[in-house]
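Trainee: everything below, folded, please.
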Amino acid sequence: MSIEVNNITKLYGTQKALNNVSFNINAGEIVGFLGPNGAGKSTMMKIITCYIPPTSGSAKVCGFDIHEQSMEVRKQIGYLPEHNPLYLDMYVKEFLEFVGGIHKLPNIKSRVAEMIELTGLQVEQKKKIGALSKGYRQRVGLAQAIIHDPKVLIMDEPTTGLDPNQLEEIRGLIKTLGKEKTVMLSTHIMQEVEAICDRVIIINKGEIVADDTTETLQKNTSKQIITVEFDKAVSKNSLKTINGVKEVNQLEGNAWQLISEGDNDIRKEVFDYAVQNKLSVLTLNKEEQKLEDVFKKLTK
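Mentor: Just a heads-up that it's a prediction; the model follows:
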């Protein structure tokens, strides 16, 4: 087990940021840690990385306890916080060599060269960090997080400020890193989670409200949405008689949106309805509810 969190609670005065939170993340998993603003995501990440202590509860990283073995915990983790702290007056290579020196890495220059290539900083490597765009600063932050080859990578909003091309490259890099490392990342971009995460943990008001694969979450908490167009006019009340239909919305002309709960596929019932009413089906499409809709449902 790479990350073990047991009954973590964190109080800021009388405000409870985390309430008895527990979860485990296995080696080699890429886990999306999601929640609305103020849900406790960053607080949990700071506790796991030993930036702040919990009020109660415990956690382990690669078997090392955050209370008793915090220095060992930090050696196992690469951390990219939400507000990426960098020395803006240092050059990119200079900064990465500085970070490598802190970690007492052998062959620092070759490792820095490897990180620059891996994170796509070749063009910008001779610039001062303060002269870089926000997207390239994120790349520098990611390079410093993985330069010591940690077993666990924790990233808070890692793709903030990236353009679509950079976004695709960094997502690919995270997926590549996830083959060898445990990755925990927070983000508000649901497409990002669907693209790269094996599993999702959703936290709301300091408590976990979901912990499962993206596919299972969409299947168990989603609606089935069918769009259908008939060759003739039909009434809304008539469509409501179709077995499994919970909601009916008219689109344009003779096109309708039919919604059912859970994984109930109503396409056969729609065809049967058309046959019984001597209708032709011109179009019929099925789409599952997106992760974004699941997120909204669980955190409202």
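
Trainee: in the chain, which spans are helices?
Mentor: 41-48, 70-76, 92-102, 108-118, 134-146, 164-178, 190-196, 214-221, 236-239, 267-276, 291-299 (DSSP state H).

Trainee: could you tell me the least trusted of those helices?
Mentor: Of all the helices of the chain, mean pLDDT reaches its minimum on helix 214-221 (a mean of 71).

Trainee: and stretch 124-141, how far out from the chain middle?
Mentor: Distance of stretch 124-141 from its chain centroid, counting by Cα atoms, centre = their mean, to the nearest Å, is 24 Å.

Trainee: output it as CSV, nothing but the C-alphas.
Mentor: Taking C-alpha atoms only, stretch 124-141 is exported to CSV below (Å, rounded to 0.1, in the frame of the first residue of the first chain):
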residue,chain,number,x,y,z
GLU,A,124,13.1,27.3,-22.1
GLN,A,125,16.0,25.8,-20.1
LYS,A,126,18.3,28.8,-20.3
LYS,A,127,15.7,31.3,-19.3
LYS,A,128,15.0,32.7,-15.8
ILE,A,129,11.9,31.1,-14.3
GLY,A,130,10.3,34.6,-13.9
ALA,A,131,10.4,35.0,-17.7
LEU,A,132,8.4,31.8,-18.3
SER,A,133,4.7,31.5,-19.1
LYS,A,134,2.5,30.0,-16.5
GLY,A,135,2.4,26.7,-18.4
TYR,A,136,6.2,26.4,-18.5
ARG,A,137,6.4,27.2,-14.8
GLN,A,138,4.1,24.3,-14.2
ARG,A,139,6.5,22.1,-16.1
VAL,A,140,9.4,23.3,-14.0
GLY,A,141,7.3,22.5,-10.9
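
Trainee: tell me the buried residues in it?
Mentor: Within stretch 124-141, the residues that count as buried by 16 or more other Cβ atoms under 10 Å are E124, Q125, I129, L132, G135, Y136, R137, Q138, R139, V140, G141. To be clear about C-beta, it is placed using only N, CA and C from the backbone, and glycine gets the same treatment.

Trainee: show me what contacts the third one?
Mentor: So the one you mean is I129. With contacts defined as Cβ atoms under 8 Å, 6 or more residues apart in numbering, I129 is in contact with L86, Y87, L88, D89, M90, Y91, V92, F95, R137, V140.

Trainee: G35: which of those residues is nearest?
Mentor: R137 (24.7 Å; Cβ to Cβ).

Trainee: the closest one and L298, how far apart?
Mentor: 32 Å (Cβ to Cβ, to the nearest Å).

Trainee: about what we covered before: among the buried residues of stretch 124-141, which one lies nearest to N24?
Mentor: Nearest to N24 among these, with distances taken as Cβ to Cβ, is G141, at 26.8 Å.

Trainee: for S58, name its beta-bridge partners.
Mentor: Beta-bridge partners for S58, by DSSP bridges, are N6.

Trainee: mind starting the numbering at 743 from now?
Mentor: Fine by me, first position is 743 from now on; the one you just mentioned is S800.

Trainee: got a pLDDT number for it?
Mentor: 95.

Trainee: burial of it, as a residue count?
Mentor: Neighbourhood size, S800 [other Cβ atoms under 10 Å]: 15.

Trainee: go on, D831?
Mentor: The burial count for D831: 10, using other Cβ under 10 Å.

Trainee: right, and it touches F840 too?
Mentor: No. Look at D831 against F840 with Cβ atoms under 8 Å: they stay out of range, at 11.7 Å.

Trainee: ramachandran coordinates for N849?
Mentor: phi 50, psi 50 (degrees, to the nearest 10).

Trainee: can you pull the contacts of it?
Mentor: Contacts of N849 (Cβ under 8 Å, 6+ apart): none.

Trainee: and it, how far is that from I889?
Mentor: 12 Å.

Trainee: out of the helices of the chain, the one nearest K947 is which?
Mentor: Per Cβ to Cβ, nearest to K947 of these: helix 1033-1041, 8.5 Å.

Trainee: I'd like to know which elements the closest one is packed against.
Mentor: helix 932-938, strand 941-946, strand 949-954, helix 956-963 (3 or more Cβ pairs under 8 Å, 6 or more residues apart in numbering; DSSP states H and E).
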